[in-house]
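*Asks:* A structural model of the following input is requested.
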Amino acid sequence: MSSVNGKVAFITGGASGIGLGIARALGGAGARIALADIEEGTLARAREELRSAGIDAWTTVLDVSDREAFASARDRAVAALGGVQLLFNNAGVNAAGPITQMSYADWDWVLGVNLHGVINGVMTFLPELTRHGSAAHVVNTASVGGLVGMRNLAIYNTTKFGVVGLSEALRADLAASGVAVSVLCPGIVATALGTSERNRPGRSQSPAATSTAAAGSNAVSTPAAQAAPAAGMSTHELGQIVLEAMQDRRFFISSHPEFRDIVGQRNAAVQASFHGAADPDAVTAMQALVLPF
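*Replies:* Model prediction:
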């Protein structure tokens, strides 16, 4: 994708954080922006910020876990803007803490937004994206927590590993259509993820989640936030990284090199775990299932 100029980008979780950083970057490169977010007031402020910068911005309130609402948002965006070529499944929440302190309600909430929200976005927009073929691109926001498991992040890791796996399969399934797929795996970013309990239905907080919310706006976890620089990467910088990766049609967008060795150790452990010699015919058959990287 050489240019996003004139294309419409639909961004969930777009009113703040990574979503707004992506909107600024794409809008600055000439894209038209459709922001979807659950926070109406924050959404209005984001719209005015973008418009004051000369960026065309359309907005809608959306709970990504609501499939019917997602379909309605798609239809209204397409009607208002003439189509959607770029999809960013970015909305995310977190309930961090030891798994012994997690409840089924924690699992249901985080899975509903982080994983089912991405599934809903993909399934809802697939017909629209494939209609545009090679002009289309979908970017799913996962995390470095989707590449390596971490302490006190069992639910978050589960959702983000799921997003990475979904994205890899989607990349293979859409290859013939020309639609590009990327998965964003950032580390610590200056966002309000640490206070995502503010958007939890009923706002009933587990003890672990309450401590996470008090920890502030870092993107991975309370322990990581305590060990990392206070602010993390700026959303402006991350947005530019995403734009450049899209232009290069890169699948993995890994923005934080401090995790390179950690992820490499995990990958090496997986490689070392295979036992015995493989049947060449079986190797050929298995490779046919995977689109080469």
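*Asks:* so what's residue 6 closest to, chain neighbours aside?
*Replies:* Residue nearest to residue 6 in three dimensions, not counting chain neighbours: residue 30, with 6.2 Å by C-beta to C-beta, 6 or more residues apart in numbering. From N, CA and C alone the C-beta is placed, and that goes for glycine too.
*Asks:* ok, now which ones touch the most centrally placed residue in the chain?
*Replies:* Centroid check for the chain by C-alpha atoms, centre = their mean gives residue 141 as the closest residue, at 1.4 Å. For residue 141, the contact set (C-beta atoms under 8 Å, 6 or more residues apart in numbering) comprises 13, 18, 88, 89, 90, 92, 118, 163, 183, 184, 186.
*Asks:* Which ones among those lie within helices?
*Replies:* 18, 118, 163 (DSSP state H).
*Asks:* from memory the last one sits against residue 119, does it?
*Replies:* No. At 9.1 Å, residue 163 and residue 119 do not qualify as touching, with contact defined as C-beta atoms under 8 Å.
*Asks:* which of the two has more neighbours?
*Replies:* More crowded of residue 163 and residue 119, by other C-beta atoms under 10 Å: residue 163, with 26 against 17.
*Asks:* Okay, now the unreliable bits of the stretch 51-200 of the chain?
*Replies:* For the stretch 51-200 of the chain, the stretches flagged by pLDDT under 70 are 193-194, 196.
*Asks:* Would you map the helices across it?
*Replies:* For the stretch 51-200 of the chain, the helices defined by DSSP state H, counting those that start in this stretch cover 67-81, 104-110, 116-132, 154-174.
*Asks:* Now render these as JSON lines, adding distance to residue 25.
*Replies:* Conversion of the helices of the stretch 51-200 of the chain to JSON lines gives the following (distance: least, C-beta to C-beta, whole Å):
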{"stretch": "helix 67-81", "distance to residue 25": "18"}
{"stretch": "helix 104-110", "distance to residue 25": "27"}
{"stretch": "helix 116-132", "distance to residue 25": "19"}
{"stretch": "helix 154-174", "distance to residue 25": "20"}
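*Asks:* With respect to residue 237, which of the ones in helices among the contacts of residue 141 is nearest?
*Replies:* Comparing these against residue 237 with C-beta to C-beta places residue 18 closest, at 10.8 Å.
*Asks:* got a list of what residue 120 touches?
*Replies:* By C-beta under 8 Å, 6+ apart, residue 120 lies in contact with 64, 65, 66, 67, 70.
*Asks:* same check, this time on residue 11
*Replies:* 19, 22, 23, 33, 34, 35, 36, 88, 90.
*Asks:* how about residue 186, phi and psi?
*Replies:* phi -80, psi 160 (degrees, to the nearest 10).
*Asks:* Any figure for the gap between it and residue 145?
*Replies:* 9 Å (C-beta to C-beta, to the nearest Å).
*Asks:* and what of residue 267?
*Replies:* Separation of residue 267 from residue 145 (C-beta to C-beta): 15 Å.
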